[in-house]
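Chemist: below is the sequence, then the predicted model.
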Amino acid sequence: MSFVVHNTLTRRKEPFQPLEPGVVRMYNCGPTVYGRAHIGNFRAYIFADTLRRWLEVKGYEVRQVMNITDVGHLLDDADEGEDKVEAQAKKEGRDPWEISRHWTRLFMEDIQKLGIQPALVYPKASEHIPEMVEMIEGLLAKGCAYQSGEDVYFEVARFPRYGRLSGNTVEELDAGARIEVREEKRHPADFALWKSDARHLMKWKTRFGEHGFPGWHIECSAMARKHLGDRIDIHTGGEDNVFPHHECEIAQTECFTGAPFSTYWMHTKFLQVDGGKMSKRLGNCHSIDDVVAKGYEARVLRFCLLRGQYRTPLNFTWAIMDESKSVLENLDDLAARLRRAMTGHGAAASAESGLEDVEQCQAEFEAAMDDDLNTPRAIAALMGLRSAVLAERLGVSAAAAANQFLVHVADKALGCIRVEEESLDAEVERAIAARQDARKRQDFQESDRIRDALLEKGIVLEDTPKGVVWRRK
Ligand code: AMP
Ligand code: ZN
């Protein structure tokens, strides 16, 4: 079956077809590293990761690039306001480079905890200034951009397709209150490719001037081109990226290369929390640490976010996290029961019995994922399989087929079910042995540390007269 994806550019679902057979070039707009990523951001990154996983299940080689924005993203997302990283640096009295390094490191840790597979490369904007300057010079040479003092602007009137992605028109933008009329611009909708500001801390000397820094949009155009080439298959981001960010990226890249930039543009709907927008003021911009502090494993958050299709509204509450935890545990239980049924425990007498249940579940799961990553429907299909296992309808062969599917298709795509119990067992046994050693040495600090580390993974140790036993919290 063909994989159908919703393309913001055409506003329809379309069969996925890469430019090069078997290979997918995908660019994901990544974090601006001035603070801790919140669960809303993770909705966007988990979507990108699930998309990549599903493409891999379907046999594609995915070349995935996610940028790190460490300079040039201004507070209003357009040409005005302070640089987000510099503003944070000033607030904390620290160096902006130190701020971006710190938050990049935490971002990498967070995505690993969420089972997000590493991209091929995480290019940093500040390390691609020559590539950006090359594009800006090209745009100037083609007459699509103009210099105004030491700033350089893209002239939207030179790109007739401007507005196609977002549905905005240049006329509307002209009247729009969002865009302040500035004398240095020929048209209020023109946007900065390069800006100069002597007070800026992160700045570069170029032929445009002494103290400049790039516009946020040109960064992604230049990094996508450097790491994936002039044309790519998929470009993703959250719904707020459609305008101005992605609209501007299209204008710059397509004016520069003369070819369509990305075939598919895919956008995640915003996550809401407690029925409203996330805001620092309401204290609901939860981080992974907040989730873990409440006693949930990070994978439960991943699963919770996957229970909503990426283009439908999703509301986060702690009650929904509780529900997600118990549904995910049912899937862990499915995996455990399948492993047992493969060895004959709780299996139907005839080996082939239940094969049709497995086939049906697999077909439903794949059809759901092929339909623009309908993860909630795919998860529901797995529940059908669980009913069959609980009713002991699966024979040994059917259980083996189901296990194969669960490990290599379903969890390869969802990335949060506990399918490898054996390896966890071994890890826990090793930790218990190390703790016993520590106790023998009377190193109680170390033995407590090991116990606490296991507890964080949801494993409770109990000292019994027969020795140490462990169970899940
Ligand atoms: P930023 O670090 O602000 O540039 O945002 C990083 C990514 O997270 C972007 O793709 C945003 O569109 C996305 N994003 C921000 N807030 C949310 C949210 N509440 N729900 C889903 N995605 C979001
Ligand atoms: Zn971007």
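Modeler: Structure received. Numbering: from 1, shown residues only. Ligands and ions are numbered 1, 2, ... in the order given.

Chemist: how many neighbours does residue 469 have?
Modeler: As a burial measure, residue 469 scores 11 neighbours (other Cβ atoms under 10 Å). Quick note: C-beta positions are derived from backbone N, CA and C, even for glycine.

Chemist: so which residues make contact with the strand or helix carrying it?
Modeler: Element membership of residue 469 [criterion: DSSP states H and E] is strand 467-472. For strand 467-472, contacts defined as Cβ atoms under 8 Å, 6 or more residues apart in numbering pick out 428, 432, 435, 436, 454, 458, 459, 460, 461, 462.

Chemist: between those, which has the most around it?
Modeler: Counting neighbours by other Cβ under 10 Å, residue 435 leads these with 21 neighbours.

Chemist: nearest spatial neighbour of that residue, skipping sequence neighbours?
Modeler: residue 450 (4.2 Å; Cβ to Cβ, 6 or more residues apart in numbering).

Chemist: what does the stretch 351-473 of the chain put close to ligand 2?
Modeler: By Cβ under 5 Å from the ion, no residue of the stretch 351-473 of the chain approaches ligand 2.

Chemist: and the residue of the stretch 351-473 of the chain found nearest ligand 2, how many neighbours does it have?
Modeler: Nearest residue of the stretch 351-473 of the chain to ligand 2: residue 373, at 20.7 Å (Cβ to the ion). When neighbours are defined as other Cβ under 10 Å, residue 373 has 24 of them.

Chemist: still on that earlier bit, just put the contacts of strand 467-472 in JSON lines and tack on secondary structure and distance to residue 402.
Modeler: Converted to JSON lines, the contacts of strand 467-472 look like this (DSSP: H, G, I helix; E, B strand; the rest coil; distance: Cβ to Cβ, whole Å):
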{"residue": "428", "secondary structure": "helix", "distance to residue 402": "25"}
{"residue": "432", "secondary structure": "helix", "distance to residue 402": "31"}
{"residue": "435", "secondary structure": "helix", "distance to residue 402": "36"}
{"residue": "436", "secondary structure": "helix", "distance to residue 402": "37"}
{"residue": "454", "secondary structure": "helix", "distance to residue 402": "30"}
{"residue": "458", "secondary structure": "coil", "distance to residue 402": "25"}
{"residue": "459", "secondary structure": "strand", "distance to residue 402": "26"}
{"residue": "460", "secondary structure": "strand", "distance to residue 402": "30"}
{"residue": "461", "secondary structure": "strand", "distance to residue 402": "32"}
{"residue": "462", "secondary structure": "strand", "distance to residue 402": "33"}
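
Chemist: pLDDT added to these, as TSV?
Modeler: Below are the contacts of strand 467-472 laid out as TSV (pLDDT from 0 to 100):
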residue	pLDDT
428	79
432	87
435	91
436	87
454	87
458	79
459	83
460	85
461	85
462	83
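
Chemist: model confidence for residue 104, exactly?
Modeler: Looking at residue 104, its pLDDT stands at 97.

Chemist: let me redo that: residue 189
Modeler: pLDDT, residue 189: 92.

Chemist: contacts made by the helix or strand of the chain with the lowest mean pLDDT with the rest, please.
Modeler: None of the helices or strands of the chain scores lower by mean pLDDT, DSSP states H and E than helix 170-175, at a mean of 74. Applying Cβ under 8 Å, 6+ apart, the contact partners of helix 170-175 are 156, 157, 162, 163, 179, 187, 188, 189.

Chemist: my read: the third one touches residue 155, true?
Modeler: No: judged on Cβ atoms under 8 Å, residue 162 makes no contact with residue 155 at a distance of 9.7 Å.

Chemist: quick one, which of those two is more surrounded?
Modeler: Taking other Cβ under 10 Å, residue 162 and residue 155 do not tie; residue 162 has more neighbours (24 against 20).

Chemist: the closest residue to ligand 2 within the stretch 101-250 of the chain in helix, strand or coil?
Modeler: Here the stretch 101-250 of the chain gets closest to ligand 2 at one residue, residue 220, 3.3 Å apart by Cβ to the ion. Here residue 220 takes the helix state, with states given by DSSP: H, G, I helix; E, B strand; the rest coil.

Chemist: counting neighbours, what do you get for it?
Modeler: By other Cβ under 10 Å, the residues close to residue 220 number 29.

Chemist: these two touch, right, residue 56 and residue 50?
Modeler: No: using Cβ under 8 Å, residue 56 is not in contact with residue 50; the gap is 10.6 Å.

Chemist: so these two - more neighbours on which side?
Modeler: More crowded of residue 56 and residue 50, by other Cβ under 10 Å: residue 50, with 23 against 16.

Chemist: so that one is in which element?
Modeler: When elements are assigned from DSSP H and E, residue 50 belongs to helix 39-57.

Chemist: now check that helix, is it near ligand 2?
Modeler: No: Helix 39-57 lies apart from ligand 2 when judged by Cβ under 5 Å from the ion; the minimum separation is 11.1 Å.

Chemist: give me the contacts around the helix or strand just after that helix.
Modeler: Counting by DSSP H and E, the element after helix 39-57 in chain order, helix or strand, is strand 61-66. Surrounding strand 61-66, the residues in contact under the criterion Cβ under 8 Å, 6+ apart are 22-30, 45, 48, 52, 55-56, 119-123, 223-224, 227-228.

Chemist: let me see the domain layout of the protein.
Modeler: Domain ranges of the chain: 4-268, 319-414, 423-472, per automatic domain parsing.

Chemist: so how far is the last one from its chain's centroid?
Modeler: Looking back up the chat, that one is domain 423-472. 34 Å (Cα atoms, centre = their mean, to the nearest Å).

Chemist: how about the second one?
Modeler: Distance of domain 319-414 from its chain centroid, counting by Cα atoms, centre = their mean, is 25 Å.

Chemist: cool, the longest one as well?
Modeler: Using Cα atoms, centre = their mean, we find the averaged C-alpha position of domain 4-268 to lie 15 Å away from the chain's own average C-alpha position.

Chemist: dump the contacts of helix 170-175 to TSV, plus secondary structure.
Modeler: Converted to TSV, the contacts of helix 170-175 look like this (three-state DSSP):
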residue	secondary structure
156	helix
157	helix
162	coil
163	coil
179	coil
187	coil
188	coil
189	coil
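
Chemist: of these, buried ones?
Modeler: Buried by 16 or more other Cβ atoms under 10 Å: 156, 162, 163, 179, 188, 189, out of the contacts of helix 170-175.

Chemist: buried residues, stretch 192-202. List them.
Modeler: 192, 193, 194, 195, 196, 197, 200, 202.

Chemist: quick check: mean pLDDT across that stretch?
Modeler: 94.

Chemist: give me the contacts around that stretch.
Modeler: Here stretch 192-202 has contacts from 70-71, 79, 83, 85-86, 89, 95-97, 126, 132-133, 135-136, 139, 145, 149-154, 203, 206, 208-215, 217-218, 252, using Cβ under 8 Å, 6+ apart.

Chemist: which among these count as buried?
Modeler: Looks like the contacts of stretch 192-202 have 70-71, 79, 83, 85-86, 89, 96, 126, 132-133, 135-136, 139, 145, 150-154, 203, 206, 208-209, 211-215, 217-218, 252 buried, using 16+ other Cβ under 10 Å.
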